[in-house]
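**Q** here are the coordinates; sequence isn't available:
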């Protein structure tokens, strides 16, 4: 069928081209052909592209010559008649063989009726009554105002506009009794199918009888037949049309409403004078309880036509009815009849936008997608420029219903410039609605608006006086985070969410934490550790449990992300230094879970690792290997020989006061210049120092024993005295030859005061607790030395806990090194523990007066006597061992 219609359209176009006619329209698909004398086409105007319908009357053949007067009459009457319910004339093209009448785009009623046979009975009844109402209005106008008879009221003369409204056409025999050229009275019988709607008097006396009767009589009878035909399309014609013209029986009512049936019978009255006219039928139907006035479609149309003139109560009543009945309206009626009226009222302020806009959007769902932008969106976009707060609020509340159909250009250029005024509105409700609307419009904003203009506005709303607006702003930034540019993410997200975490409103702080979590993919992993966690950590102790709980969840998420990242990282990034290390890399053996465990791990791990590393490097070479080698180290650090003295020991701090040593190894190197590893370099008063030394002397004796038994002496000897001494007395021990004394690690308990002076002096400093020894290795052959003087033979083993930075060094190459002298004052040195003096060639020391509260003189004398006896016993034991060894 469509193929045949296409062929017909092509044939017409070919015919028009051959005839040389220039049509103001482009013919489209052929819709229908009625009664064999005209064809209906869909067409498009050439000037503006608007859709139209074209009625083609072709009388090019001899058989169709008789229809030419009817086509000419239709053109003349339709052009002169203007009414909302009459087919609207647009244009016409006339030639000797063809007449084209261009009207508004319509469809024939005969093509639409079958579609309503499947509708709900009530919906179908309402739609039919609404259509009959429109035809009754049109007939009333033609019969009363024009004083004419239509002469062709039937289904084929009725058309439907795009809005579904019934339009009256078929003006082929439209006639005025006073017009001498009227066709109805002279040629009415020649019109194809005219007997189907002819009234009883016409069938009895012919069409000429109508010229003497009421112009409305014949049309009223035809209206009755039309009513029966639309309600009962499958039923035969009522018997009233044939003699003896009996009235319609109740059994023949069919689908005709009961309230309408009595009036239907009056329309079919055989007597023209007693017949109900179209005007009377309309008045009865529009009465207070009439069948037209109670029809919802009729009421809606009437209300929309008079909407601008109605009172506020009438407008509200109409809008309420529209809202309640919106779903039951025919789609074309809602889209093309109701919707334009509502948009007009919305644009020109006919009613509240908050009430009309929801209806506009609801009825707009039936609009074709290609027409939605023009029909619905164009008026809505204009409303954003309205300063009315009610209109703006309605637009923002219903934004989800139409935002998907907006294009980016319209949003950026027409909507956002007006929308941004809402961020600074004095009404908090408008500001909050504006903030919420951004999440929907953001995908359609340009990059410049999104990353610059919008962020400046959000920075202000985050400091709004309303807590809910601040909270929603934080949520909005969190949701927009992934769509920001790379640089914007790093500049905006953390400061914005950190500000929210400091908000006084509980839910704003929770929103800040949730925003951090939602945008976790927006941060580099290193930023989580350096920026995110430090900025949110304080919320772990928030006053509100809700915030604390969310903070712990957020921290758990961040830590999990960091753990996944660090699991793929290498153990260390310092590859070269690790390869150069001789010993193991200093790492803790196990991870700790408590504070006490952490403190212990920090102390033991660091010191033991240092000791192990130094022991590994030193034990691989002889001690003499350090001779003459320049070690690159800070001046504040102890020299290598001092570190070698107590490898693996935890040295105790000593004091800055110089002490006189009773033993100096010949050929020893100079003392250390620095004060490395200072754990307490502050000077200590002499009254306190004496007591501390006494306690150290006891503790170091025990430490020495543990060291010798546990780790062994690096010099392979457990004796800390000269085993070659021959004399049994204390003075002989003190003056033992220096070159026969093995170098041993000494403790503070081995210090013995003498009366000799020490020119160079070993200095005690809290910055260095290690002993600085000679560079000669044990057992190394030394050059012969001259006999030492009696003073130089008074030696006593001493731990050099720290050297003074101004002590005089000895040359390792000297064949006759000087021997340090000890002071005669012993413990009571001049100046106390916290006095540092520059040594001279003949230093003199004033007695050091110790506090009696720490140790009395009697106690000191007893302690010194006990120690001297212990050493004498030990010397005797060692002599015995030497003699036994000599004999064997």
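**A** Everything's here; your move. All figures in this text were calculated on a predicted structure; none of them were measured in a lab. Numbering: from 1, shown residues only.
**Q** what's the longest strand in the protein?
**A** As far as residue count goes, and with DSSP state E defining each element, the longest strand of the chain is strand 25-34.
**Q** does residue 356 touch residue 347 like I think?
**A** No. In terms of C-beta atoms under 8 Å, residue 356 does not count as a neighbour of residue 347; the distance is 9.8 Å. Glycine gets a C-beta too; all of them are placed from N, C-alpha and C.
**Q** residue ranges with poor pLDDT in the stretch 301-450 of the chain?
**A** Along the stretch 301-450 of the chain, segments meeting pLDDT under 70 span 349-351.
**Q** circling back: direction included, what does the longest strand of the chain pair up with?
**A** For strand 25-34, the paired strands and their directions (DSSP bridges) are strand 38-45 (antiparallel).
**Q** how many residues are close by residue 120?
**A** Using other C-beta atoms under 10 Å, residue 120 has 10 neighbouring residues.
**Q** do you know the pLDDT at it?
**A** The predicted structure scores residue 120 at 86 on the pLDDT scale.
**Q** now the helices: where do they sit in the stretch 201-350 of the chain?
**A** 215-231, 261-267, 278-285, 296-305, 312-325, 331-333, 339-347 (DSSP state H, counting those that start in this stretch).
**Q** which of the ones you listed sits most buried?
**A** Each of the helices of the stretch 201-350 of the chain was scored by mean neighbour count; the highest is helix 215-231, a mean of 24, by mean count of other C-beta atoms under 10 Å.
**Q** one step back: output the helices of the stretch 201-350 of the chain as CSV; include the columns distance to residue 514.
**A** Listed next are the helices of the stretch 201-350 of the chain as CSV, based on distance: least, C-beta to C-beta, whole Å:
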stretch, distance to residue 514
helix 215-231, 63
helix 261-267, 68
helix 278-285, 63
helix 296-305, 48
helix 312-325, 38
helix 331-333, 44
helix 339-347, 39
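**Q** relative to residue 374, which of those is closest?
**A** Ranking the helices of the stretch 201-350 of the chain by their distance to residue 374 (criterion: C-beta to C-beta) puts helix 339-347 first, at 11.1 Å.
**Q** from the contact counts, what lies against that closest one?
**A** helix 296-305, helix 353-363, helix 378-383 (3 or more C-beta pairs under 8 Å, 6 or more residues apart in numbering; DSSP states H and E).
**Q** one more time with 7 Å
**A** In this structure, helix 339-347 packs against helix 353-363, helix 378-383, with contacts taken as 3 or more C-beta pairs under 7 Å, 6 or more residues apart in numbering; DSSP states H and E.
**Q** quick one on the thing from earlier: between the helices of the stretch 201-350 of the chain, which gets nearest to residue 204?
**A** helix 215-231 (12.5 Å).
**Q** please enumerate the strands of this protein.
**A** With DSSP E as the definition, the chain shows strands at residue ranges 25-34, 38-45, 51-58, 89-94, 98-104, 107-108, 158-160, 166-168, 658-659, 762-763.
**Q** any regions of the chain where pLDDT drops low?
**A** The model of the chain has pLDDT under 70 over residues 1-21, 35-36, 349-351, 575-593, 595-854.
**Q** top helix in it by residue count?
**A** Ordering each helix of the chain by length in residues (DSSP state H) puts helix 857-887 first.
**Q** and it, which residues are buried?
**A** Going by neighbour count (16 or more other C-beta atoms under 10 Å), the buried part of helix 857-887 is 860, 867, 871, 875, 878-879.
**Q** could you do stretch 437-446 as well?
**A** The neighbour-count criterion (16+ other C-beta under 10 Å) identifies 437-438, 441-442, 444-445 as the buried residues of stretch 437-446.
**Q** quick one, what contacts residue 125?
**A** If a contact means C-beta atoms under 7 Å, 6 or more residues apart in numbering, then residue 125 has residue 257 as its contacts.
**Q** please report how far it lies from residue 270.
**A** Residue 125 sits at a distance of 28 Å from residue 270 (criterion: C-beta to C-beta, to the nearest Å).
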